[in-house]
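Colleague: Would you be able to build a 3D model of this:
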Amino acid sequence: MTRPSMTPATAGEVFTLIRGGAATTRSEIGKLTGLSRTAVSARVAALQSLGLIADDEEGPSTGGRPPATLAFADSAGVVLVVAIGRSRAQLAVTDLAGAILAAEDVDKPVNVGPDDLMPDIATHLTSLLDRVDRKGDDVIGVGLSIPGTVDMTAGASLDSPMMAGWDGVALAPYLTSVTDAPLFVDNDANVMALAELSERRESAPNLLMIKASTGLGAGIVLNGVLQRGSIGAAGEIGHTKTAAARGMKCRCGDVGCVETVASGWALVHALQDQGRDVGHVRDVIRLALDGDGEARRLIRSSGRLIGDVIAGAVNLLNPDVLIIGGDMSEADELFLAGLRESVYGNATALATRKLHIASVSHGAQSGILGCAILVLDHLLSARQIDLRLAGGPGA
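Modeller: Below you'll find the predicted structure:
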């Protein structure tokens with residue numbers, strides 16, 4: 001991309017080229033941006049003043065003096081990650097490239113409120129920072145995901161039936177003992193969609209991420225952009241009505257939601273009603289993988305029922321890929337078999353002609369990676385880098 005001279009590339013845009021590996025020398029930057037050698041050097045120097053570009057190293061020589069190479073300083077800071085679910089919270093410290101440096105799972109009671117859980121999370125995050133020999137000042141941002149609709153401006157849950165007592169509670173104040181870095185909060189399925197997008201940005205810029213675990217949710221990406229909707233409620237597929245749940249009460253207080261017959265909590269209750277000793281969808285998965293006939297039937301049925309709902313979304317959005325994550329994806333052959341049956345049977349032939357259905361790329365770490373990307377995509381964007389250099393609002 002050669003930019004017109006009237007709109008020269010900013011330092012932030014130069015940083016994006018270096019960070020993405022599109023340019024590793026000043027000469028390459030100049031060719032891609034049309035900037036003069038002096039202008040390139042000025043922008044590189046500004047980025048080095050922020051510590052975001054590693055010291056020059058000599059690249060391979062093609063005759064004469066080897067060119068000096070530039071590299072993204074991914075160790076210049078760290079990101080803290082908190083992915084909160086129904087029965088556990090996944091915590092991690094990552095570098096600025098999103099690589100996990102240390103991680104820990106924290107079990108939690110099902111209905112614990114923020115006043116009880118968040119101080120415990122803060123303690124564990126401090127311990128993780130100590131483990132990687134970092135301090136709160138090294139943290140550039142904190143990424144946190146929770147189930148349900150999120151008020152991203154307030155950094156709080158907006159509406160989550162499975163997180164009683166969390167709605168409207170700002171979460172940033174609980175972490176001030178750990179770091180003063182900004183907190184970014186999003187829905188759990190949305191951050192998983194961000195993690196998938198990082199792997200498939202070129203091959204599948206239109207994707208539909210389905211999280212099938214205790215609850216059900218979706219992350220929607222169109223043309224490489226995560227879609228949250230007007231108030232952040234996009235993707236709440238678990239509370240779509242289905243004939244299979246007619247008259248059945250959902251934990252959201254409504255009736256007829258697909259969650260009442262196809263979610264992890266519904267499968268757990270179904271087995272408990274049969275006198276089976278299960279407490280979480282992971283117990284159901286283990287039974288199924290061990291060959292338990294009833295658990296296998298329930299999981300495949302869940303896939304079919306969710307597929308019935310997803311077929312409409314496939315017709316509406318025409319994604320390149322439909323990705324399944326969450327605990328249910330661990331029984332992928334069973335669950336995906338049922339889901340494929342419904343999606344391909346109920347969506348139009350045209351919408352499914354090139355549709356690929358697959359399990360999540362990063363397994364159980366998908367939420368962690370997505371939370372890190374939530375932070376990094378904002379704080380290391382070209383716009384934010386330029387704001388930092390200018391010392392303006394949001395810097």
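
Colleague: Report how many residues lie close to Ala164.
Modeller: Applying other Cβ atoms under 10 Å, we find 12 residues neighbouring Ala164. Where you see a C-beta, it was placed from the backbone N, CA and C, and this is true even at glycine.

Colleague: Next up, the contacts around it.
Modeller: Contacts of Ala164 were listed using Cβ atoms under 8 Å, 6 or more residues apart in numbering, and they are 111, 113.

Colleague: Now do the SS call for it.
Modeller: The three-state label given to Ala164 by DSSP: H, G, I helix; E, B strand; the rest coil is coil.

Colleague: That one and Leu117, how far apart?
Modeller: The gap separating Ala164 from Leu117 is 12 Å, by Cβ to Cβ, to the nearest Å.

Colleague: same deal with Pro173?
Modeller: For Pro173, the distance to Leu117 - Cβ to Cβ - is 14 Å.

Colleague: And the helices in this structure?
Modeller: Using DSSP state H, the helices of the chain run over residues 11-19, 26-33, 37-49, 114-131, 188-200, 259-262, 264-273, 281-289, 293-317, 332-346, 366-379, 382-390.

Colleague: do you know which of those lies nearest Gly224?
Modeller: Closest to Gly224 of the helices of the chain, according to Cβ to Cβ: helix 188-200, at 6.8 Å.

Colleague: As JSON lines, the helices of the chain with mean pLDDT and mean neighbour count would be great.
Modeller: Supplementary listing: the helices of the chain in JSON lines, determined by pLDDT from 0 to 100; neighbours: other Cβ atoms under 10 Å:
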{"stretch": "helix 11-19", "mean pLDDT": "95", "mean neighbour count": "23"}
{"stretch": "helix 26-33", "mean pLDDT": "94", "mean neighbour count": "18"}
{"stretch": "helix 37-49", "mean pLDDT": "94", "mean neighbour count": "16"}
{"stretch": "helix 114-131", "mean pLDDT": "96", "mean neighbour count": "17"}
{"stretch": "helix 188-200", "mean pLDDT": "94", "mean neighbour count": "25"}
{"stretch": "helix 259-262", "mean pLDDT": "95", "mean neighbour count": "26"}
{"stretch": "helix 264-273", "mean pLDDT": "95", "mean neighbour count": "19"}
{"stretch": "helix 281-289", "mean pLDDT": "94", "mean neighbour count": "21"}
{"stretch": "helix 293-317", "mean pLDDT": "96", "mean neighbour count": "21"}
{"stretch": "helix 332-346", "mean pLDDT": "93", "mean neighbour count": "19"}
{"stretch": "helix 366-379", "mean pLDDT": "96", "mean neighbour count": "25"}
{"stretch": "helix 382-390", "mean pLDDT": "94", "mean neighbour count": "17"}
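
Colleague: For Thr94, which of the ones you listed is the nearest?
Modeller: With Cβ to Cβ as the criterion, Thr94 lies closest to helix 366-379 of the helices of the chain, at 4.5 Å.

Colleague: How far away from the center of its chain is the closest one?
Modeller: Put simply, helix 366-379 sits 6 Å off its chain's centre (Cα atoms, centre = their mean, to the nearest Å).

Colleague: Ala244 reaches Leu305, doesn't it?
Modeller: Yes - the criterion here is Cβ atoms under 8 Å, and Ala244 meets it with Leu305 at 5.6 Å.

Colleague: what's the overlap in contacts for those two?
Modeller: Contacts common to Ala244 and Leu305, judged by Cβ under 8 Å, 6+ apart, are 258, 261-262.

Colleague: Show me which of the residues you listed is closest to Met248.
Modeller: For those, the nearest to Met248 is Val261 (6.8 Å; Cβ to Cβ).

Colleague: hang on, that closest one packs against Lys241?
Modeller: No - assessed by Cβ under 8 Å, Val261 is found out of contact with Lys241, at 11.2 Å.

Colleague: Got the domain ranges for this protein?
Modeller: Here the domain assignment for the chain is 11-69, 78-190+368-377, 200-366, based on automatic domain parsing.

Colleague: among the ones you listed, which is nearest Arg388?
Modeller: Shortest distance between Arg388 and those, using Cβ to Cβ, is found for domain 11-69: 6.3 Å.
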